[in-house]
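A.B. asks: Predicted coordinates and the sequence they were generated for:
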Amino acid sequence: MRPPLRVALVLGLIPLAVPAAAAESGPASALQRGETLFLANCAICHGATGAGIKGTYPPLAKSDWLAANRTGAIRAVVAGLNEEITVNGEVYRGQMPAVMLDDAQTADVLTYVMNSWGNAAPAVTESEVREVRATTRFKTYADLRKAGDYRPLPPAPAGFELTELVRLTDFGVRLASDGRGGKLYILGQAGGVWRFDPASGNLRQIIWPKDFPGLKKGPFQTLGLMRDETGRLWITVNQRVATRPFESNEVAIFRTSAFDAEGEPVAPQPWFRTRYAWGVGPYTHGISDIRTGPDGLLYVSSGSRTDGGEEGNVPTLSKEGEPELTTTMWRFDPKSETPQIETIARGIRNAYSFGWDGAGNLFTVSNGPDAHAPEEMDHIVPPAPGQPPRHHGFPYQFGDAPVSKKWYPHTPDAPPGLTFVKPVLNLGPAGLMDGKPTSTFNAHSSPAGILWLGADWPESVRNGFLVGRLGSFLAGPAPGEEHGFDVLHLRLERQPDGGWTARTNTFLAPLGRPIDLHFAKPGVIYLLEYTRPTNLGGGAGWLPGRVLQLKAK
């Protein structure tokens, strides 16, 4: 998942935690504001140091294209870029949507970029941005915002009713509730939690970023949320910190410690903390999903710190590849006051979500690399005591391709004797690559939320998984090809060799980047749209999404 916006998702890059600037006006202030906007909107693709990703995201550092294309750079921000460009001798053919910034913000972020990392140029002015914007299809910022408005609801699946439940004021990433129709909790990507009352329609923020004690000054990212049987909320936190010799990702699990006057869970306190070296590019996914398993233990997914095992060349970023803590599934005893990680699976690039079927089998859905490899659904089997966890391939093997296939020149050789568990094989008809069985979903479709529907659901969907797919952030493999923006239904079958196949159909589409699915109560599902556009090629910027309700008839 590669969200080109203020976080890393599905999906990402965590802005660096550094002291806030004090200046409020003048050239220095413009650079400070521009840096903040850059980290929030641009760094996920171009990197915090403007290095980009060779062949995928063009570098901004010492960019000959920027030096020669001042107007083109402004146009790329205000209207998007969908053409071939050559930067520092390398050809780039990606798609960049318009960025949801007004004229003043656009001027600030471009002034910062054009005067950082070896670039030098006069400050970009608000009037300059306004003049360029007037020559594009979004002639004013208001036009761009209108293009980013909510889309009409798609037709409901047979046997269901689809309605809009609530529109959000921030980008939501997770949903939680008691599963009995009670209050809904919505996690934002930067530390906010909102409570929505389905009975009254009231939406109220109950937790703010300032409520998380012990974090460094600066922004942080929250990607996982669950509600336990006592009503407490558990939240996963990632923060990029300027430690030395290498920058770190400091990760934590917080849980609320009190209830306010209205009975809402508040006052999050750290329950678990650890750290590892920050990744070499914009791919430190951090810890994301958190759930209680059928065994009563706590499960957490920990994503990769690289795209595909690359080393990088930034002095403050470690070249170690993937440490012991990343590309794994963790398990904890939630009753412990000194929690210890038990690693139950390895080689999973970025399992944004996971869930159990009716028989207690655990499955993850993961985002693949920028190489056009399939996105995986993996069956996780915790190891027996004293045994090592199973390995699911990353960064040595993607999908069901042989380990000898090198997706990148830097793809490392697999250690001798290491064997890999293959992903679920998708037999279609939906989610296939080139119309052939795929392990498991189209490249770049970004599978996100996952939800099991048991025997008490309509016959058309019972005993199967729903998987929401955030949608492409990169086109490909073919030029302009994009996938996702939908919810798929998968009916899995175990094979004699222990592997799994899936019959997959489109359940609901198109959607505004569906990022989470949640069981609200018997017969009712909540679906969280991260934003509003329902495709990659539309070119509009992003605004916060909404929660939809699917109700079985």
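C.D. replies: Yep, that arrived. Residues are numbered from 1 along each chain as shown.
A.B. asks: how long is stretch 388-408 end to end?
C.D. replies: 28 Å (Cα to Cα, to the nearest Å).
A.B. asks: can you check stretch 234-247 too?
C.D. replies: With Cα to Cα as the measure, stretch 234-247 spans 26 Å from end to end.
A.B. asks: Okay, buried residues for it please.
C.D. replies: For stretch 234-247, a neighbour-count test (16 or more other Cβ atoms under 10 Å) marks 234, 235, 236, 237, 238, 239, 240, 241, 243, 246, 247 as buried. Bear in mind the C-beta positions are built from the backbone N, C-alpha and C, glycine included.
A.B. asks: Same question for stretch 35-42.
C.D. replies: Buried residues in stretch 35-42, counted by 16+ other Cβ under 10 Å: 35, 36, 37, 38, 39, 40, 41, 42.
A.B. asks: Please put the alpha-carbon coordinates of that stretch into PDB.
C.D. replies: Listed next in PDB are the C-alpha coordinates belonging to stretch 35-42 (Å, rounded to 0.1, in the frame of the first residue of the first chain):
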ATOM      1  CA  GLU A  35       8.800  20.600   5.300                       C
ATOM      2  CA  THR A  36       5.700  19.700   7.400                       C
ATOM      3  CA  LEU A  37       3.500  19.500   4.300                       C
ATOM      4  CA  PHE A  38       6.200  17.500   2.400                       C
ATOM      5  CA  LEU A  39       6.400  14.900   5.200                       C
ATOM      6  CA  ALA A  40       2.700  14.600   5.300                       C
ATOM      7  CA  ASN A  41       1.900  14.500   1.600                       C
ATOM      8  CA  CYS A  42       4.900  13.700  -0.500                       C
END
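A.B. asks: Show the average pLDDT along that stretch.
C.D. replies: Mean pLDDT, stretch 35-42: 89.
A.B. asks: How far does that stretch sit from its chain's centre?
C.D. replies: Relative to its parent chain, stretch 35-42 has a centroid offset of 17 Å by Cα atoms, centre = their mean, to the nearest Å.
A.B. asks: before we move on, what about stretch 334-351?
C.D. replies: That offset, for stretch 334-351, works out to 19 Å (Cα atoms, centre = their mean).
A.B. asks: what about it, average pLDDT?
C.D. replies: In this model, stretch 334-351 has a mean pLDDT of 97.
A.B. asks: what's the span of it from first residue to last?
C.D. replies: For stretch 334-351, the first-to-last residue distance is 21 Å (Cα to Cα).
A.B. asks: what's the answer for stretch 172-180, then?
C.D. replies: In terms of Cα to Cα, the two terminal residues of stretch 172-180 are separated by 21 Å.
A.B. asks: And stretch 173-181, by the same measure?
C.D. replies: Per Cα to Cα, stretch 173-181 runs 20 Å from first to last residue.
A.B. asks: May I see the buried residues of it?
C.D. replies: For stretch 173-181, the neighbour count (16+ other Cβ under 10 Å) marks 173, 174, 175, 176, 177 as buried.
A.B. asks: quick one: pLDDT of the fourth one?
C.D. replies: The reference is to residue 176. On the pLDDT scale, residue 176 gets 99.
A.B. asks: So it sits against residue 233, correct?
C.D. replies: Yes - between residue 176 and residue 233 there is a contact at 6.6 Å, judged by Cβ atoms under 8 Å.
A.B. asks: list the residues that contact both of those two?
C.D. replies: Listed contacts common to residue 176 and residue 233 are 185, 225, 226, 227; contacts here mean Cβ atoms under 8 Å, 6 or more residues apart in numbering.
A.B. asks: List the contacts of the third one.
C.D. replies: This points to residue 226. When contacts are taken as Cβ under 8 Å, 6+ apart, residue 226 is in contact with 176, 233, 234, 290, 291, 292.
A.B. asks: element containing it, please.
C.D. replies: In the assignment (DSSP states H and E), residue 226 maps to strand 221-227.
A.B. asks: That strand: how far from the chain's middle?
C.D. replies: The answer for strand 221-227 is 12 Å, by Cα atoms, centre = their mean.
A.B. asks: Strand partners (parallel or antiparallel) of that strand?
C.D. replies: With DSSP bridges as the test, strand 221-227 is paired with strand 233-241 (antiparallel).
A.B. asks: give me phi/psi at residue 413?
C.D. replies: Phi and psi for residue 413, reported as degrees, to the nearest 10, are phi -70, psi 140.
A.B. asks: How many residues are close by the residue lying closest to it once chain neighbours are set aside?
C.D. replies: Leaving aside its sequence neighbours, residue 413 sits nearest to residue 396 (Cβ to Cβ, 6 or more residues apart in numbering; 7.4 Å). A count of neighbours around residue 396, defined by other Cβ atoms under 10 Å, yields 19.
A.B. asks: do residue 495 as well
C.D. replies: By the criterion of other Cβ under 10 Å, residue 495 has 9 neighbours.
A.B. asks: So what pairs up with the residue nearest to it when sequence neighbours are not counted in the strands?
C.D. replies: Closest residue in space to residue 495, ignoring its immediate chain neighbours: residue 501 at 6.2 Å, by Cβ to Cβ, 6+ apart. Residue 501 has the following beta-bridge partners by DSSP bridges: residue 425, residue 493.
A.B. asks: Report pLDDT for residue 83.
C.D. replies: 83.
A.B. asks: hmm, back to that, looking at the shared contacts of residue 176 and residue 233, which is nearest residue 356?
C.D. replies: Set against residue 356, the nearest of the shared contacts of residue 176 and residue 233 by Cβ to Cβ is residue 226 (13.5 Å).
A.B. asks: just checking, what packs against the helix or strand residue 34 falls within?
C.D. replies: Assigned by DSSP H and E, residue 34 falls within helix 26-41. Using 3 or more Cβ pairs under 8 Å, 6 or more residues apart in numbering; DSSP states H and E, the elements in contact with helix 26-41 are helix 103-113.
A.B. asks: So, low pLDDT: which residues of the stretch 401-550 of the chain?
C.D. replies: 539 (pLDDT under 70).
A.B. asks: coming back round to it: strands - which of the buried residues of stretch 173-181 land there?
C.D. replies: Judged by DSSP state E, those include 173, 174, 175, 176 as members of strands.
A.B. asks: Show me what the last one is bridged to.
C.D. replies: I take that to be residue 176. Under the criterion used (DSSP bridges), residue 176 bridges to residue 185.
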